[in-house]
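Colleague: kindly return the folded structure for what I paste below:
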Amino acid sequence: MQAVNYTAARNNLKSIIDNVCDNNEEVIVTTKNDKSVVIISLDEYNKTHAQLKRDVQQAIAEIERGDYMSIDEAFEKAKKAYRA
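Modeller: Residues are numbered from 1 along each chain as shown. Coordinates of the predicted model:
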């Protein structure tokens, strides 16, 4: 992932878009006002958004079935995954 300031992004927008789309790169664009955005390809956005929707639907279904773990169990599972 690369970061560029607003002026560089504006002056090189086409090449940044090409790089993001062709190489599945992400680019952070920063401003003087400490505001930042991330440029990602539409394909990557759609994949991420679709996965998020599937994950939420699965979580809702698990909750409706009563198939979920306590916060302590979730914390322990997260700690184990982090150590791996």
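Colleague: for Ala9, give its distance to Ser15.
Modeller: The gap separating Ala9 from Ser15 is 10 Å, by CB to CB, to the nearest Å. The way it works is simple: take the backbone N, C-alpha and C, and place the C-beta from them, glycine included.
Colleague: ok, the two, which is more surrounded?
Modeller: Ala9 (19 against 9; other CB atoms under 10 Å).
Colleague: residues of whatever helix or strand the more buried one lives in that come out buried?
Modeller: Using DSSP states H and E, Ala9 sits in helix 6-11. The neighbour-count check on helix 6-11 (16 or more other CB atoms under 10 Å) flags Ala9 as buried.
Colleague: and the following helix or strand past that helix, what's buried?
Modeller: Once helix 6-11 ends, the next helix or strand along the chain (criterion: DSSP H and E) is helix 13-23. Buried residues in helix 13-23, counted by 16+ other CB under 10 Å: Ile16, Asn19, Val20.
Colleague: before we move on, what SS does Lys80 have?
Modeller: Classification of Lys80 using DSSP: H, G, I helix; E, B strand; the rest coil returns helix.
Colleague: checking my notes, Val4 in a helix, right?
Modeller: No. Under three-state DSSP, Val4 sits outside any helix and is assigned strand.
Colleague: ok, now which ones touch it?
Modeller: Residues in contact with Val4 (CB atoms under 8 Å, 6 or more residues apart in numbering) are Asn12, Ile16, Val27, Ile28, Val29, Thr30.
Colleague: rerun at 7 Å
Modeller: By CB atoms under 7 Å, 6 or more residues apart in numbering, the contact set of Val4 is Val27, Val29.
Colleague: and it, how far is that from Ile39?
Modeller: Per CB to CB, Val4 is found 9 Å from Ile39.
Colleague: with Asp55 instead?
Modeller: According to CB to CB, Asp55 stands 24 Å off from Ile39.
Colleague: and what of Gln2?
Modeller: In terms of CB to CB, Gln2 sits 10 Å off from Ile39.
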